[in-house]
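Chemist: just the structure for this:
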Amino acid sequence: MPGPVKLSCRNLWKVYGPDPARFFVGTNDAPDALAQKMRTGGHMPAAIDVGFDVHVGETFVIMGLSGSGKSTVVRCLSRLIEPDHGQVLLDGQDLLAKSDRELIEIRRHKMGMVFQNFGLLPHLNVIENISFPLRLQGLSAEKQRARAAHVIELVGLTGREHSYPSQLSGGQQQRVGIARSLAVEPELWLLDEPFSALDPLIRRQMQDEFLRIQRVLKKSIVFITHDFLEALRIADRMAIMRDGRIVQIGTPEELILNPVDDYVAQFTGEVPRIKILRAHQCVVAMPGRPDGLPQVAPDDRIEGLLPKLAASPAGLDVLGPSGVYLGTVTAASLVETLGRAESAHPSQVAHG
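Modeler: I've put the predicted structure just below:
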């Protein structure tokens with residue numbers, strides 16, 4: 001079951017042009033019709049009626065092609081860009097109604113942000129860069145050092161405390177950026193394509209590091225990416241955007257197996273289905289199964305269970321949280337499920 005809602009984005013619009021406010025006065029137009037009216041009136045809607053919830057401890061990924069509006073949305077959440085309409089509720093409080101002073105305090109104490117551009121201060125070393133937001137919070141020098149040392153260890157930079165950004169690799173610089181955002185102990189963590197500038201191997205390592213940190217800290221996260229395989233690795237749920245609109249929200253498995261239209265299907269079409277299938281989706285009932293089969297959890301990914309299945313040709317028993325038998329994964333049931341999943345080709349997907 002998902003936890004309580006930490007962040008709620010409701011009917012969010014960002015419109016570029018001379019007078020976007022006039023379009024929201026006394027209108028009952030549907031979002032698409034209103035967006036078209038804006039374009040006709042010389043305005044450009046970059047985020048159109050965007051809405052989603054992020055639960056406590058959840059990693060919510062927003063993805064889309066360049067120009068889809070995903071980075072605009074994450075900047076509206078933090079009010080680095082001012083939205084033109086809607087609500088952004090953090091713990092039930094509307095951030096769009098906060099004064100500049102209140103917003104500064106929220107950013108300093110409740111919100112962490114990491115962007116593709118690391119934004120490190122070149123004249124400060126690692127520990128000084130990480131301590132910088134703590135100094136703005138007014139923490140004592142002793143508390144700054146203690147908290148900075150903790151996150152330095154958390155992101156694997158022990159021994160590089162006194163190095164300057166120019167002495168660090170791209171991956172190490174990104175770790176400093178992550179550590180700096182974590183040092184404020186944010187309740188909400190916003191990351192906008194933080195790994196996209198890194199080489200593939202370092203990117204994979206940083207994804208591993210991100211997953212490890214999230215297992216420890218269980219932050220509420222909004223993560224922006226254009227890479228579906230990256231989203232697949234890290235997302236609890238995700239939203240796909242196109243032309244400023246959210247097209248579909250769901251788990252990676254739901255988006256891959258049940259895309260609402262060709263656009264979503266094309267996004268997910270290159271993902272091997274074995275990467276997203278879970279044990280409970282591949283079970284068959286086997287009342288007369290042999291005793292002592294290896295036991296696995298319903299949400300275990302099949303890709304990780306292949307060695308166990310190879311070592312147990314009779315199958316793997318899938319047990320629910322209370323030990324209830326849900327079925328058995330066999331080589332035949334796995335192949336059958338994969339065949340059904342692969343048959344969901346973009347050309348066969350109906351428009352939603």
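Chemist: so the residue nearest the centre of the chain: helix, strand or coil?
Modeler: A centroid search over the chain (CA atoms, centre = their mean) returns V61, at 2.6 Å, as the residue closest to the centre. Reduced to three states with DSSP: H, G, I helix; E, B strand; the rest coil, the structure at V61 is strand.
Chemist: how long is stretch 320-336 from one end to the other?
Modeler: 22 Å (CA to CA, to the nearest Å).
Chemist: what comes up buried for that stretch?
Modeler: Of the residues in stretch 320-336, those buried by neighbour count under the rule 16 or more other CB atoms under 10 Å are 327-330, 333-334. Backbone N, C-alpha and C define where each C-beta goes, glycine included.
Chemist: nearest to M38, of those residues?
Modeler: The shortest separation between M38 and any of these is 49.4 Å, and it belongs to L334 (by CB to CB).
Chemist: gap between the closest residue to the closest one other than its chain neighbours and S333?
Modeler: Counting by CB to CB, 6 or more residues apart in numbering, C282 is the residue found nearest to L334 once chain neighbours are left out, at 5.0 Å. Applying CB to CB, to the nearest Å, one obtains 5 Å for the distance of C282 from S333.
Chemist: isn't L211 right up against L232?
Modeler: No - using CB atoms under 8 Å, L211 makes no contact with L232, being 12.0 Å away.
Chemist: ok, those two, which is more surrounded?
Modeler: Legend: neighbour count by other CB atoms under 10 Å for L211 and L232, higher for L232 (18 against 12).
Chemist: what ranges does the chain have for its helices?
Modeler: Taking DSSP state H as the criterion, the chain contains helices spanning 31-40, 70-78, 100-109, 126-137, 141-154, 170-183, 200-217, 228-234, 252-257, 262-268, 302-311, 331-342.
Chemist: check the offset of the third one from the chain's centre.
Modeler: Okay, so that is helix 100-109. Distance, stretch centre to chain centre, for helix 100-109: 23 Å (CA atoms, centre = their mean, to the nearest Å).
Chemist: got it, and the longest one?
Modeler: Its chain's C-alpha centre and that of helix 200-217 lie 13 Å apart, by CA atoms, centre = their mean.
Chemist: once you drop chain neighbours, what's closest to G57?
Modeler: By the measure of CB to CB, 6+ apart, the closest residue to G57 outside its immediate chain neighbours is K218, 4.2 Å from it.
Chemist: tell me the pLDDT of F118.
Modeler: What the model reports as pLDDT for F118 is 68.
Chemist: next one: the one 10 residues further on
Modeler: Turning to E128, the model gives it a pLDDT of 94.
Chemist: check contacts around it.
Modeler: For E128, the contact set (CB atoms under 8 Å, 6 or more residues apart in numbering) comprises L121.
Chemist: surely G3 meets H55?
Modeler: Yes - contact criterion CB under 8 Å: G3 and H55 qualify, at 4.6 Å.
Chemist: when those two are compared, which one has more neighbours?
Modeler: Neighbour tally, G3 and H55, criterion other CB under 10 Å: the higher count belongs to H55, 17 against 12.
Chemist: if anything else comes up later, I'll come back, but that's it for now.
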